[in-house]
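K.L.:
Predicted model and sequence below, questions to follow.
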Amino acid sequence: MAQMWITMGPQHPMTHGLWTLRVKVDGETVVDTEAELGYIHRGVEKICEARDFTQVTPYCDRLCYVSAMTWSNSYIYAAEDLLEADVPERAEYIRLLAAELQRLASHLMWLGAFGPDIGNLTLMTWCMRDREMFLDLLQELGGSRMHYNYPRIGGVKRDIPIGFADRMIAKVKLFEKRIEEYEMMLDESTIWLVRLQGVGYANAEEMVEAGVSGPNVRAAGVNYDIRWAHPYSVYDEIDWEPAVEKPTSVKGADCYDRYRVRIEEMRQSCRMLLDAIEKIPGGKNTHYSTGDEMIYTKAPTRAPEGATGFSNYECTRGASQFYIQGGGEGRGKMPYRLSIRSPMFITIPFVAKTMIGYKVADIPAIMGSFDPCIGETDR
Amino acid sequence: MGMKITLDQNAAAVTECADAINDRFSGSGINADIIQHSNAKKYSFVRVTTPPQHWQALAKWMKFEVGVNYCSMVTGTHYPDGGDERGWEVVYHLLRQPIVNQVPDTNTVFVAEKMLGAQIPVEFEVVIDLPNNDTPSVPTVQHIWGGADWNEKETWDLVGINFEGHENMHRVLNPHDSPDGFHPLQKQHKIRYHDYNEMYDDAQGFVRKPADEGRVK
């Protein structure tokens, strides 16, 4: 049969954002693909060269509108490396709480968008309902539903409010039961299994070679996680273990494994939240005023020329990395060069190539299972 | 309970890698140092400086002898005032990750504190200084690490570093019809408020200049 190129995107439900997947098809079979990115390239790296180190944080929030807290945290760790700031332990605990709440919200957003891709519209309404609980909690911290500008170089913007701990514990405990509901609805649902099992195989070594990271690699059977391999917060002090799957084929993880690993990650995040709130130094029902030494240490604002800062952070979609070179405008008040590594920028071209050999109808399942986010991809 | 690679494990692995690189490549201008991060848990990493002509040999050797299997990030920087020897800089961030393929229905669950030798994750930073000219160029490592592929495309697109031997180089973030030689992260391209002292007409900063006056867009 004659082969032809068809274009999916930039406006297509499969894309989960704005990008184009060009697919070469032979009948129903995909024989070649090409990813085209850059539709919402905002030039954040260039903008940051004209901003103070503190002014960069809101831009990092806006890199990924689904997972703002993890991205701003990632930047903050790089800036702390550059500026040699110390962080009080209570602030590290609060950052951990914020990041894990964000991970829950982000995975729920993923599951909610993935469900309709597969043909389960109920899932979207359930996930949006539960995500709202966590957005409310994040709003209590940062004051806004999506872009929090919450972490600071040397601490956090403000302490957890009085009553936050009780509300969080209640919501997380409720959500742990909701995870079971999701599993009851999905794990043995025919439509879910038929569309996801045996589709989109990718094995561990091939993914590492291509630069894929995070839950997508853990689905292929290795519990490698930056949170213990390059530890940064207080993840060593609280109760959790990295989510990991047992792929059923030599070809590696399929879409179903990647769905399972994210469900398991949500469960681990709940476990972390419940444990961390009890262990938080200074007590869970205390509120320190803004700028108190329990939650904030004053950090230098200028970086000497030649100084560099780097952070390797387990974002919700994989390894997000920031590399900052100091000594820019205003005698080191601004970064000379700030470079952002987005996990999805590397993953999307890889996923496009893994689709070869599958049917056109499998494309939404494969693409959705890797959790694409175009905000961070295009920066 | 949570786990982590201990500082002792990290120090041992980093020292081993740095020594191996220094032993193998002594006298060729390649040098490996151990640098400590000053954030989070104060872990160390290996910073390797290499002249561009030895980069491919070093990359292959690091992949197959040290086990560096992950190229995570490529950063290009323009230093117009950096002197003759350092007009451009390319930084590769590499990781060693203990990830291998699995037999069906099994998985590998590492216990961080019990990891030994070549299993321990290590972070590498390879710094390549390029002379100050109009055609900065380094050899590509696209064929050594697949992860370098799109990172190098992005670095060429935004910074204008040529990667010799890179196949299928094209614009990825800028529009495909951007003019030749347009690379926005080069320092001659200014953005508004870049020279913030020039933002105002008067010393007190009451009268704002037209936003784009005298700017290259």
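P.N.:
Structure received.
K.L.:
measure stretch B:74-89 end to end?
P.N.:
10 Å (CA to CA, to the nearest Å).
K.L.:
As a check, name the ranges of all strands in the stretch 251-379 of chain A.
P.N.:
Counting by DSSP state E, counting those that start in this stretch, one finds strands in the stretch 251-379 of chain A at the ranges A:308-315, A:318-325, A:337-341.
K.L.:
before we move on, what about chain B?
P.N.:
B:31-36, B:44-49, B:70-78, B:88-96, B:122-130, B:137-139, B:162-164 (DSSP state E).
K.L.:
just the ones you listed: most buried one?
P.N.:
strand B:70-78 (a mean of 27; mean count of other CB atoms under 10 Å in any protein chain shown). No exception for glycine: its C-beta is placed from N, CA and C like everyone else's.
K.L.:
thinking B:Pro136 is in contact with B:Trp88, fair?
P.N.:
Yes: using CB atoms under 8 Å, B:Pro136 makes contact with B:Trp88 at a distance of 4.0 Å.
K.L.:
Need the overlap of contacts for these two.
P.N.:
Common contact partners of B:Pro136 and B:Trp88 (CB atoms under 8 Å, 6 or more residues apart in numbering or on different chains): B:Gly76, B:Leu130, B:Ile161.
K.L.:
ok, the closest residue to the second one other than its chain neighbours - contacts?
P.N.:
Spatial nearest neighbour of B:Leu130, chain neighbours left out: B:Trp88 (4.1 Å); criterion: CB to CB, 6 or more residues apart in numbering or on different chains. Remark: with contacts taken as CB under 8 Å, 6+ apart, B:Trp88 is in contact with B:Gly76, B:Thr77, B:His78, B:Tyr79, B:Gly82, B:Asp129, B:Leu130, B:Pro131, B:Asn132, B:Pro136, B:Val159, B:Ile161.
K.L.:
swap in A:Ala361?
P.N.:
Neighbours of A:Ala361 in contact, by CB under 8 Å, 6+ apart: A:Glu28.
K.L.:
Just list the residues touching the residue in chain B that chain A sits nearest to, thanks.
P.N.:
As assessed by CB to the nearest CB, chain A sits closest to B:Gly147 within chain B, at 2.6 Å. Listed by CB under 8 Å, 6+ apart, the contact partners of B:Gly147 are A:Glu209, A:Ala210, A:Gly211, A:Ile346, B:Tyr70, B:Cys71, B:Ser72.
K.L.:
Make a markdown table out of the residues you listed and add distance to B:Pro175 and pLDDT.
P.N.:
As requested, the contacts of B:Gly147 are arranged in a markdown table below (distance: CB to CB, whole Å; pLDDT from 0 to 100):
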| residue | distance to B:Pro175 | pLDDT |
| --- | --- | --- |
| A:Glu209 | 30 | 90 |
| A:Ala210 | 26 | 91 |
| A:Gly211 | 24 | 89 |
| A:Ile346 | 21 | 90 |
| B:Tyr70 | 31 | 92 |
| B:Cys71 | 26 | 92 |
| B:Ser72 | 27 | 91 |
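K.L.:
mind putting those residues in a markdown table, distance to A:Ala85 included?
P.N.:
Putting these into a markdown table (distance: CB to CB, whole Å) gives the following:
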| residue | distance to A:Ala85 |
| --- | --- |
| A:Glu209 | 36 |
| A:Ala210 | 35 |
| A:Gly211 | 30 |
| A:Ile346 | 29 |
| B:Tyr70 | 28 |
| B:Cys71 | 29 |
| B:Ser72 | 24 |
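K.L.:
Mind pulling up the pLDDT for the residue nearest to A:Gly17 when sequence neighbours are not counted?
P.N.:
Excluding its sequence neighbours, the residue lying closest to A:Gly17 (CB to CB, 6+ apart) is A:Ile374, at 2.8 Å. pLDDT recorded at A:Ile374 is 89.
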